[in-house]
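> Model the structure of this input:
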Amino acid sequence: MTIAYEWRGHFDNTAINALHAEGFGHAPLKDDWWAQVNRHSLGWVCATESGELVGFVNVAWDGAVHAFILDTLVTGRARRHGVGTELIAVAVREARAAKCEWLHVDFDDDLKDFYFGACGFQPTHAGLIAL
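Take a look at the predicted model:
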C-alpha cells in the first residue's frame, strides 16, 4: 500500500462525505467540507492512494496556540496499515510549524490505544457538555 500524505491537500466533497459516512456510520451527507476547512481550520491532512482519498484529519484551531484534532478518518480497507498514525504525525508536525503550543483531541474510549499509544497524546482532565 503506497499512500501519499498532503498537508492542506485538495479533496472532493463527495469523497470526504463518503469517507465520513463510513467512519462514523451514517448515510453520506452533502456537506461543503472544502469551504468549512478553508474558513475554520489551521489545516488538514489528506491521505491518498492512486488518487483516491483513503484518509483525512482536520486540524481546527483558535487562531493562536491551540489546535484541535477533528474527524480522523481512514477507509476500512486502509485501516491497520499506519495511515491514521501518519495522518496524526503530519498534523502534529504542521501544528508545531505554525507555532501552536498545544494539540488537543477528544475521542471515544475504544480509541485510547490509538491516540495514547500510537500517536503519543497524554491523558488530561477535560470537561464536556452535551448540547
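
> Touching whichever helix in the chain runs longest from outside, list them.
Ranked by residue count and defined by DSSP state H, the top helix of the chain is helix 83-97. By CB atoms under 8 Å, 6 or more residues apart in numbering, the residues outside helix 83-97 that reach it are 3, 5, 7, 42-43, 45, 47, 54-57, 59, 61, 67, 69, 72, 74, 103, 114-115, 118-120. C-beta coordinates here come from the backbone N, C-alpha and C atoms, glycine included.

> okay, now the residue nearest to residue 2 when sequence neighbours are not counted: neighbour count?
Closest residue in space to residue 2, ignoring its immediate chain neighbours: residue 49 at 6.5 Å, by CB to CB, 6 or more residues apart in numbering. Residue 49: 17 surrounding residues under other CB atoms under 10 Å.

> Which stretches in the protein count as helices?
Using DSSP H, helices in the chain cover 13-24, 33-40, 83-97, 112.

> okay, those in JSON lines with distance to residue 125 next?
Converted to JSON lines, the helices of the chain look like this (distance: least, CB to CB, whole Å):
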{"stretch": "helix 13-24", "distance to residue 125": "26"}
{"stretch": "helix 33-40", "distance to residue 125": "26"}
{"stretch": "helix 83-97", "distance to residue 125": "21"}
{"stretch": "helix 112", "distance to residue 125": "15"}
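
> Looking at these, which one is packed in the most?
helix 83-97 (a mean of 19; mean count of other CB atoms under 10 Å).

> Using CSV, write out the CA atom coordinates for that helix.
Presented in CSV, the C-alpha positions along helix 83-97 are these (Å, rounded to 0.1, in the frame of the first residue of the first chain):
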residue,chain,number,x,y,z
VAL,A,83,-2.5,5.5,7.8
GLY,A,84,-4.2,7.1,10.9
THR,A,85,-0.9,7.3,12.8
GLU,A,86,0.8,9.1,9.9
LEU,A,87,-2.2,11.4,9.4
ILE,A,88,-1.7,12.5,13.1
ALA,A,89,2.1,12.7,12.7
VAL,A,90,1.7,15.1,9.8
ALA,A,91,-0.9,17.1,11.8
VAL,A,92,1.5,17.3,14.8
ARG,A,93,4.4,18.5,12.6
GLU,A,94,2.4,21.1,10.8
ALA,A,95,0.7,22.4,14.0
ARG,A,96,4.2,22.7,15.6
ALA,A,97,5.4,24.5,12.5
